[in-house]
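K.L.:
What shape does this take:
(one chain, ligands or ions: 1)
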Amino acid sequence: MDVLQDKQWQSLEQDIISWRRELHKIPELGNELPQTTQFIRSVLDELGIPYTSLMSGNAIVGLIEGDQPGKCIALRADTDALPIKEDTGLEFASENGNMHACGHDGHAAMLLGAAAWLQAHKDQIKGSVKLLFQPGEEFPGGAEPMIKEGALENPHVDAVFGMHEGQIYPGLKSGLVGIKYGSMMAAMDRLFIKVIGKGGHGANPHLTIDPITLSAEIILSLQTIVSRENKPTEPIVLSITRIDGGYNQNVIPDVVELEGTVRTLNHETREWLSNRIKEVVGALAASRGAQVEIEHTFNYPPLINDSDMVDLAKNAALKLFGEENVIELAEPMMGGEDFAYFSNERPGAFVFLSNPQEVDGKFWGHHHPKFAVDESFFIHGAMLHAQMALDYLQEA
Ligand code: NI
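P.N.:
Sure, this is the predicted structure:
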């Protein structure tokens with residue numbers, strides 16, 4: 001079945017836009033989304049779609065059961081906003097000091113649109129569609145706790161699909177659907193190193209173990225792992241973003257702290273790099289008689305799309321929007337996305353829907369106070385969710 005043929009989308013388009021505007025007015029942060037989830041529940045109630053709540057009510061899992069038995073596909077939308085004061089001048093701009101500056105309000109509205117359509121076509125669905133409304137994508141992560149609380153069971157989810165609107169992929173022209181086989185977004189890990197030397201008078205370095213010069217060696221050696229030990233065609237970002245140590249011009253401190261971000265695109269490189277960081281930093285410290293404490297915290301995993309699911313997403317998008325509107329992305333992004341937890345658990349595909357909107361005559365990036373999205377493409381996102389679900393369940 002092709003979702004395009006259905007006239008119901010015309011009336012749904014207005015609903016999706018108004019749902020999005022309502023959500024846009026009430027941006028909330030992290031894993032505490034009482035008003036947002038209240039709104040989503042009220043729409044699901046109106047649509048007659050049953051749901052359960054996870055994460056103390058801050059995550060919602062809706063379920064659309066088709067008339068015939070079959071597999072289960074999960075469609076995911078993140079729902080959280082950012083601590084940014086909105087400056088778009090839109091008539092429905094937020095006034096509570098937070099802002100949907102990444103477009104997650106649109107994600108939730110598009111998923112509700114798809115849900116409305118799928119619910120109205122239950123008789124043609126073989127299997128079930130789970131709706132994952134996930135908090136905390138920006139911080140501190142909502143996908144992992146949802147999975148731990150059973151979001152992918154009862155019924156057992158066989159595949160997952162998600163999308164991001166706006167302009168995550170630089171230069172992607174409006175209206176395009178960007179797909180990507182394999183690694184699409186990076187693991188987003190935190191590195192913290194405490195370099196413990198022995199402080200003393202700046203004039204007597206021989207009586208100290210200087211953590212400042214050692215930190216310099218460590219920083220440069222970390223970059224050498226990237227440039228000399230890693231395969232050049234395998235992307236790694238290792239950025240030390242904070243150095244903290246010392247008091248004044250004549251005291252060698254005891255301790256220096258380093259902090260940074262580590263990005264990799266696959267599990268093997270991630271593990272390897274983590275081990276090499278520990279070995280190299282440990283050896284450098286030992287060579288100077290110093291100590292180190294290293295915390296390498298694995299946050300969001302790399303987002304690696306499943307090829308069969310990308311095929312499905314690609315075909316669904318081609319069917320709906322034509323060849324000129326579907327593009328295979330040349331490169332992965334080094335940003336993180338916690339949809340990766342879902343696609344780590346089940347075959348998954350994540351796509352970009354490009355719909356940036358000018359404000360004051362300019363496009364502003366994600367997480368900017370003037371970030372805006374073009375609502376006229378919401379209908380595309382909703383249709384793609386629905387078509388993806390139908391196609392997957394048909395083939396399964
Ligand atoms: Ni986002």
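
K.L.:
so where's the stretch 201-350 of the chain shaky on pLDDT?
P.N.:
Within the stretch 201-350 of the chain, no stretch has pLDDT under 70.

K.L.:
Walking through it, point out its helices one by one.
P.N.:
Assigned by DSSP state H, counting those that start in this stretch, the helices in the stretch 201-350 of the chain fall at 211-224, 267-287, 307-321, 339-345.

K.L.:
Could you export those helices as JSON lines, including distance to His380 and mean neighbour count?
P.N.:
C-beta here means a position set from N, CA and C on the backbone, and glycine is covered the same way. Shown next, in JSON lines, are the helices of the stretch 201-350 of the chain (distance: least, C-beta to C-beta, whole Å; neighbours: other C-beta atoms under 10 Å):
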{"stretch": "helix 211-224", "distance to His380": "42", "mean neighbour count": "18"}
{"stretch": "helix 267-287", "distance to His380": "32", "mean neighbour count": "16"}
{"stretch": "helix 307-321", "distance to His380": "6", "mean neighbour count": "19"}
{"stretch": "helix 339-345", "distance to His380": "19", "mean neighbour count": "24"}
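
K.L.:
who wins for proximity to Asp244 among the ones you listed?
P.N.:
helix 211-224 (9.9 Å; C-beta to C-beta).

K.L.:
Would you quantify the distance from Ile84 to His368?
P.N.:
8 Å (C-beta to C-beta, to the nearest Å).

K.L.:
and for the two, which residues touch both?
P.N.:
Common neighbours of Ile84 and His368 (criterion: C-beta atoms under 8 Å, 6 or more residues apart in numbering): Ala101.

K.L.:
How about the backbone phi and psi for the closest residue to Gly166 other than its chain neighbours?
P.N.:
In space, and not counting its chain neighbours, Gly166 is closest to Gly103: 4.3 Å by C-beta to C-beta, 6 or more residues apart in numbering. Here is the backbone geometry of Gly103 (degrees, to the nearest 10): phi 90, psi 10.

K.L.:
just the one 5 residues further on next, same as before
P.N.:
When quoted as degrees, to the nearest 10, the phi and psi of Ala108 stand at phi -60, psi -40.

K.L.:
Likewise for Ser128?
P.N.:
According to degrees, to the nearest 10, Ser128 has phi -140, psi 160.

K.L.:
quick one, what contacts it?
P.N.:
Ser128 touches 63-66, 70-73, 155, counting by C-beta under 8 Å, 6+ apart.

K.L.:
Go again with 10 Å.
P.N.:
By C-beta atoms under 10 Å, 6 or more residues apart in numbering, the contact list for Ser128 reads 63-66, 69-74, 118, 122, 155-158, 389, 393.

K.L.:
I'd like to know which of these are buried.
P.N.:
Buried members of these, scored by 16 or more other C-beta atoms under 10 Å, are 63-66, 70-74, 118, 122, 157-158, 389, 393.
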